[in-house]
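J.: Need coordinates for the following:
(one chain, ligands or ions: 1)
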Amino acid sequence: MKEKITWVKNTLPKTDCAQSMTYLTEDAMLKVQRFHHSFPQYTVTPLVSLKNLARALGVKGIYVKDESFRFGLNSFKVLGGSHAVGRYIAAELGKDLSELDYPTLVSDQTKERLGNITFYATTDGNHGRGVAWAANKLRQKCVIYMPAGTSPSRLNNILREGADASIVDMNYDDAIRYCKTQVEQDRHGVIVQDTDWPGYGDIPAWIMQGYGTVSWEAHNQLRSAGVERPTHVFAQAGVGSFAGSVHGYFANAYPGQQPVMCTVEAAVADCLARSVRAGGTLTAVGGDMPTIMAGLACGEACNLSWGILKNHSDFFISIWDWVTAVGMRMLGAPLPGDTRIISGESGASAAGLVFTALRDAAYAGLRDELGLNGDSEILVISTEGDTDPDRYRRITWDGAYAGD
Ligand SMILES: Cc1ncc(COP(=O)(O)O)c(C=O)c1O
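T.: From the prediction side, this is the model:
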């Protein structure tokens, strides 16, 4: 028996999130994109139009932004860590980010002026890989903690960046608390975490802004493809920083006529959907969160992004592993003429949900409620490639996680 997808329409009263929205304007994102553009590893990742699939599923367009190509690191996450580290260093040097391009950042002069720093982070894999990568380029130390259940291949990816990475016997949110205690004992320590807590807000905001390069690129690519306004934007969420960044950007881009925006979570860690159901009170999920969607296995939301999502995300949808497995398989084995996308377990979650809503008669109600029809032009982001290659093959070759 397949576990059921559930969803909640956001009818929460609007609150003032104007301040956080200023982080995510097109102009602010242009500045971030220019910073990323100065990296030798930077290329615009593809926006794939699955034309034949869209026709087959009865919608006008399905556009998938493929983040497996990002900086050779197989996920969008490095955009957040690198931007936050850049902003932190700019502040330390008393400069504006626009004065700090990649060559300056990694120069001997910058290293001398900064002295020794150890960057700390907790990660399911992708965020920590980005932070470790940035620290490596800066020739600084990096300590990474990973929650119980992390796959060896994700750990190895981080060790390869020269970080001191280890798996701790706790869930993601507890691992963050542990990381905080460790950094407090290190006078050279700086924590680069993709979620906030009282007294710790700048770096998470810079991380969220860093993700904005994805939306900025996708928006321009959509326009080049003749799509003036996507009708639907789906973003997957762990702590919600990525979805907050995407939805904040597109709400800013289309004031008063924003696309239908949907936040997609792993049902075992759907703290945002629960918070909507609780009338807007942030509600955490604790304990084990068993899911293959490692990047979405976060039970405590980022406050900053929640402030944006509760005002701009229209639906919060809770999915199961079988849904993302559908997304991985369909993206990996496209219809003739459509481009293949290699998408991992967290990466394919939103696409899997869209495909299921459009194909599965059991979810005709969801399709109708979201207003998906022949006029729909849908944007989804494949946020990672095969970050766990063994499991990728078990799912796409052997049909694992079919949910029956
Ligand atoms: C591949 C992937 N997609 C989506 C997310 C969700 O991002 P956030 O935790 O900001 O909600 C993550 C988080 O690690 C991720 O690794």
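J.: what distance separates stretch 239-250 from the centre of its chain?
T.: Mean-position distance between stretch 239-250 and its chain equals 8 Å (Cα atoms, centre = their mean, to the nearest Å).
J.: mean confidence score for that stretch?
T.: The average pLDDT within stretch 239-250 is 97.
J.: near the ligand, anything from that stretch?
T.: Yes - contact of stretch 239-250 with the ligand (Cβ under 6 Å from any ligand atom) involves 239, 240, 241, 242, 243. All C-beta atoms are positioned from the backbone trio N, CA, C, and that covers glycine.
J.: Could you give the number of residues near the second one?
T.: Summarising burial for residue 240: neighbours were counted as other Cβ atoms under 10 Å, giving 33.
J.: Now do the contacts for it.
T.: 263, 272, 301, 302, 305, 306, 309 (Cβ atoms under 8 Å, 6 or more residues apart in numbering).
J.: what helix or strand does the nearest residue to it once chain neighbours are set aside sit in?
T.: Distances taken as Cβ to Cβ, 6 or more residues apart in numbering place residue 305 nearest to residue 240, at 4.1 Å, with adjacent residues excluded. Under the criterion of DSSP states H and E, residue 305 resides in helix 303-312.
J.: Give me the helices and strands touching the helix or strand that that helix is followed by, please.
T.: Counting by DSSP H and E, the next helix or strand C-terminal to helix 303-312 is strand 315-319. For strand 315-319, the helices and strands in contact under the criterion 3 or more Cβ pairs under 8 Å, 6 or more residues apart in numbering; DSSP states H and E are strand 6-9, strand 260-266, helix 271-277, helix 349-359, helix 364-370.
J.: ok, now with 7 Å
T.: strand 6-9, strand 260-266, helix 271-277, helix 349-359 (3 or more Cβ pairs under 7 Å, 6 or more residues apart in numbering; DSSP states H and E).
J.: name the helices or strands packed onto the last one?
T.: Meaning helix 349-359. strand 232-237, strand 260-266, strand 315-319, helix 321-332, helix 364-370, strand 377-382.
J.: between that helix and strand 377-382, how many degrees?
T.: Calculated by axes from the mean of the first three to the mean of the last three Cα atoms, to 10 degrees, helix 349-359 forms an angle of 140 degrees with strand 377-382.
J.: sec struct for residue 190, please.
T.: The three-state label given to residue 190 by DSSP: H, G, I helix; E, B strand; the rest coil is strand.
J.: was I right about it contacting residue 114?
T.: No - between residue 190 and residue 114 there is no contact under Cβ atoms under 7 Å: 10.3 Å.
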